[in-house]
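Asks: What shape does this take:
(2 chains)
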Amino acid sequence: MGYIVPIKELGESPLVDPKISLHEVTDVVAKVTENKAPRGWWFAFLFAASFTGILGIAVGVLFWYGVGVWGNNSPSYWAWDITNFVWWIGIGHAGTLISAVLFLFRQKWRTAINRFSEAMTIFAVMCAGMYPGLHVGRAWYAYYMFPIPNQMSLWPNFKSPLMWDIFAVSTYFTVSLLFWYVGLIPDFATLRDRAKTAVRRKVYAFFALGWLGSNRHWQNYERAYLILAAFSTPLVLSVHSVVSFDFATSVIPGWHTTIFPPYFVAGAVFSGFAMVMTLMLITRAVYGVKSIVTMKHLELMNKIMLTTGSLVGYAYGMEFFLAWYSGNDYEWFTFVNRATGPYAWAYWTMISCNVITPQIFWFKKMRTSIPVMFVASILINIGMWFERFVIIVTSLHRDFIPSSWGYFRPTIVDVLTYMGTLGFFFTAFLLFIRWIPMIAIAEVKGTLPSADPHFGHAHADHGDENHDTEAAPDAALAPGE
Amino acid sequence: MSKRDAYEFAKPREAAPLFWKSLEAKAKPDEAKKRAEAEFPFNLTKDDESVGPVGRRNFMMFAGLTAAIAGLEGCARRPVEKIVPYTRMPEYALPGLSYHYATVRYERGEAIGLLVETHEGRPTKIEGNPDHPSSLGATDVRTQASIFDLYDPDRSTQVKHKSGAALEASNLADFDAWLAGKVKAYAADQGAKLRILSPPTNSPTFIRLREAIRAKLPHARFHTFTAVGESNAREGARIAFGQAVNTINDYQHAKVILSLDSDFLQTEPGMIRATRQFARGRRLNTPNEPISRLYVVEPSYTTTGANADHRLRLPARDVERYLAALATELATKHGLSLGAIAVPLAALGAKIDGVPEKWVKVVAAELAGAKNRSVITVGSRQPARVHAIAHALNAALGNAGQTVQHFPVTDPEETEHVADLKALLSDLDGKRVETLIVLGGNPVYDVPVDLKFAERLASSGATLVQLSSHADETTAKAGWHVPLAHEYETWGDQRALDGTYSVQQPLMAPLHGGVSPIEILGRIAGEDSNGYHLVQGTLRASYPQPLTLDREWKKALQRGVVTGAVTRPFPAMAVREADVAAAAAQGKPGKALGADNLEINFAPDPKLLDGRHANNAWLLELPDPMTKIVWDNAAYFSPTTAAALGVAIGDVVEITREGAKLEIAAWILPGHADNSITLHLGWGRTRAGRFGGEEDERDWGKALDTYPITQKLPLNGKMRGFNVATLRTSDALGFGDGAKVTKTGKTYLLAQTQEHHSMEGRPVAIDATLAEYKQTPSFPQYRTPDPKTLPLWTPVDYTKGHRWGMSIDLNACTGCNACVVACQSENNIPVVGKDQVQRGREMHWIRIDRYYRNAYTNQKDEHLDEKDPLVSVQPVACVQCEDAPCENVCPVNATEHSPEGLNDMAYNRCIGTRYCANNCPYKVRRFNYLEFQGEPMYGDMPEVSKMAHNPNVTVRMRGVMEKCTYCVQRIQEGKIGAKRDARPLKDGDITTACAQACPAEAIVFGDLNDPTARVSRAQKRDRGYRLLSELGTRPRTTHLAKIRNPNPEMV
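Replies: Below you'll find the predicted structure:
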């Protein structure tokens, strides 16, 4: 046991368990897709798949009867539908942030979680993407939203933020999918090479696009990956900014706010990390990839949540302040109504989950406690859902003219549609875990000591006194693959 | 398709063209041919594949294929529509054009002259007849909704005859034979065993036929009863003047109006004319014009109370004492000579609980100061003696003959209903009746419970012959049931309150083969069974010359009024002081009211009246003008009384009085009189139909979280509301004390269209007192300034062409709801049902917002005094913003601006993102959350109901947003009409349905680019403001702020 000086940033501890070998990395990750699925996977899969079925039923009921099966009313013409849409889009953001932004910033710790979170992004955007189609009154004409040339020369209204949404979300989905797929190519090749059956080999070979691992392949790959990362990075900021324009460009008090774009982006990253955390903790425990996804990763993620959570909290406070400072009666009423009106329970749920909960991560003990962070991540997911609910419903339910005020109540179909998208998300996620390497094998290997060009040449200590394993003999190194 | 060669003409020789088109073609045939080929590259005479990319046959084949594929479009949700052409074209009827016919409709003692719009022989919309004095071109709520009654799918369609225990289908011929047999048999005893019960009539033909029957069967008796009638007013006039009169008040020229429990702006007869005049009396073009002042004393908060400058909430029974106190004050302090009447009044009017002294002193001074120019009006539920005293006061104040005019009644025989009914019932008890013919009305449902009509009828063994529009509660007891034809289906005639005579002209043949009351009478009289001849028979008395008759008849049908037969008002009538004094002496102060001695008072429902419109879904879903409750009635308590009894909104309470019981949901109505409960008649029907209830079971309302996916929502046939007639006894037809209330522990869900009642201090329905208005005439604009920011896009120039706009004068609007139903009828607006309203999904394009606010204090409205608030009403429809927030946000361009500035909706394009409705600050957009006009949730709409649709307006499917369009179909119709006549449009050519229906002339529509148009002038008034203008929406609709006229001494 032991290893030679790992690749380290200044002051950094090893990113993965230093004892793991290159082969072990491949093995640990690939085995998940090769071995029989554990019983737990089947339970989880059947559970999630049954909710996907419920989604089908809920959507069937919705299409057959109309949007009236939801609780939306006048004045809350949007409610759970757009709440869920924004929530899902927001969740997707962590994936892109981790894979693209952290990639550009050379944050190598991302390698352990990027595949995972990118997959999450794609499935979350799929869930989000359903809602614009589902929530319209005449879903069979939803294609009117796309700029399709037609004999009536009728174009979509490019002034409408919903139109911008269509472009933002579809671009986001396309780029995220490509980015994810490009990253997967070397790993598909690994699975192809390890395949024991012809069918398996053929399928993975198809997706591996003839990857041979040659120097030229790697060069092209790295360049493509970098370009896609550069494409994705602005999307992290732009997509949720555009989503926030749905509200910010309107006239409704509580929506008509310039703070929305940054506030939405911070919230998106916040919720996305919470969701990655929730999923990661479960997967890590079930599949035993603790050696790759270490406490170090989790702690870093908690720090990001603390940061974004505080940003979001600042935004809440600033919104309130500006509502007062603007001197606009309608605006001020909306915010007072949020905190004290009929939906005060939703507002305070949001505040406790989103602002108070992440503050525990100031303490290292909390930051590194698995149960604490699991509960916190769930609470943040809930809180961020409520944030969107509060923005949408409490602003709408009491706007300008008091005679039109009302109260929104969800119906069972609202709840089942939401549960259904959760079911779809987890179904897709479980299938991903089952068939696709959930950790970027090639990238994690790049962070191993053996990936160091100086691997094998004993070096002077870099002064990290926490780790006294530098002196381990060369011989202890496991061979790479 | 045949593949035979096409027939070929012999070709002419090419060198020498025999036929040439031009000289050039003759001279240079080759060049011309070349040029022709260049233009038509294919030889069209040949029919094979070689002639072009696609031959004719192939073209046909592809076209057919395309058509077949296009057929797959049928997979989209589109209704199947079949067109049936005329086989024989009616003369003068051009399909697609609407025609208006004059007719008349009975409404609570009044005849309302109408112009009915028909499309291809199908009446679709009711409009007022401007030539008719009781309509003046406007209509009321029930008249607008009467189209729904006409096409009510639950109307009775079958003559029924009881043989044994059950009613069986029969036919009119059998009934005629039976009736003829009876009439023949009754000749022997001169009709001694025949009784005819009918609602009050104003039809001269009815009265003529009654006389004819009397001549033939002198012992047959006629009785009159209706649940909501003018019996007390007529008796009051009999006491005061010795004869019944129709009283018409001139609210336009009156300076001071005192309404004593009279809802003359909503439910009392002659409401349309009263509203028109009242609004005119309060019209303000500049701050210095005089306006009238309205004092209202009433128990419940009514539409009239909402328009009062000062309102005193008083239990109905104390109104009499208030009047006595007022009369005494007038007599003692202001020298009014009341003669003998003053004595009993002095005793009655002493010291009344709940009446502040100034209400006697100041009001008396006001009345004394406005001699000849005031009106004291008394509600029809007040006892006859109160009417008599008011007549005496009006006479003493010099109002009679000036602002209060009396006209002869059409039917002088109509006596006090309860006494009349008791006479009939005692005949029934004495087995002196063999046949009782009920011509309309529903006595089993609405006769006072203590008279036990159904039981006494059953034990008498008499055969009940019932003529009614529905198989209702009474039908179950009938021996014969004959469907009553609708007024728009039969001939008739009616006299208005002022005596104006109109012929009721049918718009269509009876849909279900019904007959009219006069046709039954005609059969009994042996005269004729055809209404046309019966009515002409009546006119023949005035115009014995056939030629004159023919001319007058045509004129009557065309104009809707018979000009030659105007009645004049009585000159000032002498008051019989002794009789009035004797009657006044009967008034006694009752036992003190309190929790153990509550007053109940029965009010006609502002929508259903006495229940005759109970199956009218438009009315059922119309919000109550004050409580905004839909699909139900409730017992109204004052906040204080509710607190004392521990009653909350929605609690089901049991009210007991004189052994009669009623379970009803409670409602707390701010401004209601303490210790008094108001109950609206006309609800709780068990045999009204699919909308109004056809079961004995009540719909208790569902908790909102259990969604009834499979339930046919508005059509579940459950009982709607509570039948308060079960508590109504003959001694308390109007009101009575001695009631007790106990809570049952049950609760009931009541649905409202408006749940928030305070303006929260926002500049929404802006008002001011006359004094404030004089001080700052443009006060409303201070709170609704246009923003100074630059526009987002280049502003459109609307100064060319038309620029449609609307003005809504809140000073005129009384909140009567006529516009709401008019809009519903004009624009095919669906009814959604109680459950959907509860979810906030009502579809009305125009709504009337009602706010409570504090009375003449500086207290902010956030701290509302619930006991005695003022009311502001405000009609709001789409204000057609020039910078419409809804338009920017629609992703598919489904809502766009027209060049004339209308904010148009393209239903075909709308996909239903609902973003526009979210972004609408006025919340006037309405979304079809479900298929409100058909399957899967609302059941297939019956064909007969579809006949009510306006063919010029799309019936919207589910998933589509809709809203007020300023009646764009009418704008187009008006423009086309003007173009056809080759003249420019002039003001008044085009008006919207709401403006047209408005009896108060509050809504004015027109072209703002026409500086002389009424709307342009109205919008320029200083008290105009544009709602939420500070958002920069630049609405086309302007509201004119309401001006209240309080007496400074009362504040």
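
Asks: and B:Ala102, what element?
Replies: Per DSSP states H and E, B:Ala102 falls inside strand B:98-107.

Asks: For that strand, name the packing helices and strands.
Replies: Packing partners of strand B:98-107 (3 or more CB pairs under 8 Å, 6 or more residues apart in numbering or on different chains; DSSP states H and E): strand B:110-119, strand B:122-128, helix B:141-150, strand B:492-495, strand B:501-504, helix B:546-559. For glycine as for every other residue, the C-beta is placed from the backbone atoms N, C-alpha and C.

Asks: nearest residue to residue 288 other than its sequence neighbours?
Replies: You didn't say which chain, so I picked chain A. Computed as CB to CB, 6 or more residues apart in numbering or on different chains, the closest residue to A:Gly288 that is not its neighbour in sequence is A:Val28, at 7.5 Å.

Asks: Chain B was what I was after
Replies: With sequence-adjacent residues excluded and distances taken as CB to CB, 6+ apart, B:Asn288 is closest to B:Lys774, at 7.1 Å.

Asks: among the helices and strands packed on strand B:98-107, which is nearest A:Phe85?
Replies: helix B:141-150 (40.4 Å; CB to CB).

Asks: Just list the residues touching residue 432, thanks.
Replies: This is for chain A. A:119, A:123, A:438 (CB atoms under 8 Å, 6 or more residues apart in numbering or on different chains).

Asks: I was thinking of chain B, sorry if that wasn't clear
Replies: Going by CB under 8 Å, 6+ apart, B:Arg432 touches B:192-193.

Asks: Phi, psi for it please.
Replies: Here the main-chain torsion angles of B:Arg432 (degrees, to the nearest 10) amount to phi -90, psi 0.

Asks: Let me know how buried the residue of chain B found nearest chain A is, in neighbour terms.
Replies: With CB to the nearest CB as the measure, B:Gly912 is the residue of chain B nearest to chain A, at 2.0 Å. B:Gly912 has 27 neighbouring residues, counting by other CB atoms under 10 Å in any protein chain shown.

Asks: That one should be in a helix, yeah?
Replies: No: counting by DSSP: H, G, I helix; E, B strand; the rest coil, B:Gly912 falls outside a helix, being coil.

Asks: circling back to that earlier point, give me the lowest-pLDDT entry from the contacts of A:Phe432.
Replies: Lowest pLDDT of the contacts of A:Phe432: A:Met438, 85.

Asks: who's in contact with the residue lying closest to that one once chain neighbours are set aside?
Replies: In space, and not counting its chain neighbours, A:Met438 is closest to A:Phe116: 5.5 Å by CB to CB, 6+ apart. With contacts defined as CB under 8 Å, 6+ apart, A:Phe116 is in contact with A:276, A:279-280, A:283, A:438-439.

Asks: rewinding a little: ok, the residue of chain B closest to chain A to A:Pro437 distance?
Replies: For B:Gly912, the distance to A:Pro437 equals 42 Å [CB to CB, to the nearest Å].

Asks: before we move on, what about B:Arg559?
Replies: Distance from B:Arg559 to A:Pro437, counting by CB to CB: 89 Å.

Asks: cool, and B:Glu413?
Replies: 99 Å.

Asks: middle-most residue in the chain, spatially?
Replies: Just going to use chain A. A:Gly92 (3.3 Å; CA atoms, centre = their mean).

Asks: Correction: the question concerned chain B.
Replies: The centre of chain B sits closest to B:Val141, judged by CA atoms, centre = their mean, with a distance of 1.1 Å.
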